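>>> predicted model, plus sequence, below.
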Amino acid sequence: METIERAPIVRVTSGATESVEDALATEQECSIVVDGRALVRAACSPGDRRAWALGYLLSEGRILGPGDIDEVCDDGGTLTVRLAQAPSVAPLVPVASDLRLEAARVVEAVGEVTARARLFAATGGAHAMAIASATGIVAFAEDVSRTCALEKAIGCALEQEADFGRSFAVLSSRVPERMIDKIARCGIPIIAAVSAPTAQAVQRAAELNVCLCGFVRGKRMNVYAHRWRVGL
């Protein structure tokens, strides 16, 4: 299944109409089943489904690494995962990393991710997420679902054996509390988002030792928690 389809539309501009073809992002219903138990079902973009499963399980505290998984089978709509040990949920604790970065690196990375967001540029209907380091983008994903995009980026980084404690997350979306939890479970100490966090997300980031930056656009950003991580 392709990530983009084209459809005829009528475009209205200042009262004038024209018939044109528009690019639309596609979506597909997918599920993750772990040891016979259905855990999640989501409408997401086609592709990178294994990365989605890995990122979902890590960010939900159900695995600590790829070694916790025996097998992942993908039938195109359902990912069936068999774990190497009995499933459990790891506790959510403050991030232990002492990572500090220059604020300029955070701003730079957001610009890099925005420039890579080709699905969004073509359709306006996708979110771009990435795991970055001090030297570059480690993993990148786009998806119609902001949560799936984040999980795919985390899963790709996990497969590359990224050091999450020396990395930061870049989000093209707003930041709810749940995203703070998912990122903190991976041990990632800094979040840079192009949009706003919720009040609960700010409180959660403060509790979990996560630096939370929002409205990272151009050369500006707002830092809501643990500003010491970006030299402020």
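Cool, got the structure.

>>> burial measure for residue 115, as a count.
By the measure other C-beta atoms under 10 Å, the count of residues near residue 115 is 10. C-beta here means a position set from N, CA and C on the backbone, and glycine is covered the same way.

>>> now it, what's its secondary structure?
Under DSSP: H, G, I helix; E, B strand; the rest coil, residue 115 falls in the helix class.

>>> and the nearest residue to residue 65 once chain neighbours are set aside, which helix or strand is it part of?
Among residues not flanking residue 65 along the chain, residue 158 sits closest, at 7.1 Å (C-beta to C-beta, 6 or more residues apart in numbering). Assigned by DSSP states H and E, residue 158 falls within helix 146-159.

>>> over to residue 5?
strand 4-13.

>>> could you say what helices and strands that strand packs with?
Applying 3 or more C-beta pairs under 8 Å, 6 or more residues apart in numbering; DSSP states H and E, we find strand 4-13 packed against strand 16-25, helix 118-123.

>>> tell me the domain ranges of the chain?
Here the domain assignment for the chain is 28-83, 103-230, based on automatic domain parsing.

>>> between these, which one is closest to residue 17.
Nearest of the domains of the chain to residue 17, taken as C-beta to C-beta: domain 103-230 at 19.9 Å.

>>> what mean pLDDT does that closest one have?
Averaged across domain 103-230, pLDDT comes to 97.

>>> just the helices in this structure please.
Applying DSSP state H to the chain gives helices spanning 49-59, 103-116, 118-123, 146-159, 177-185, 199-207.

>>> tabulate those (a markdown table), appending distance to residue 192.
Shown next, in a markdown table, are these (distance: least, C-beta to C-beta, whole Å):
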| stretch | distance to residue 192 |
| --- | --- |
| helix 49-59 | 17 |
| helix 103-116 | 5 |
| helix 118-123 | 17 |
| helix 146-159 | 13 |
| helix 177-185 | 11 |
| helix 199-207 | 12 |
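
>>> of all those, which lies closest to residue 135?
helix 103-116 (9.1 Å).
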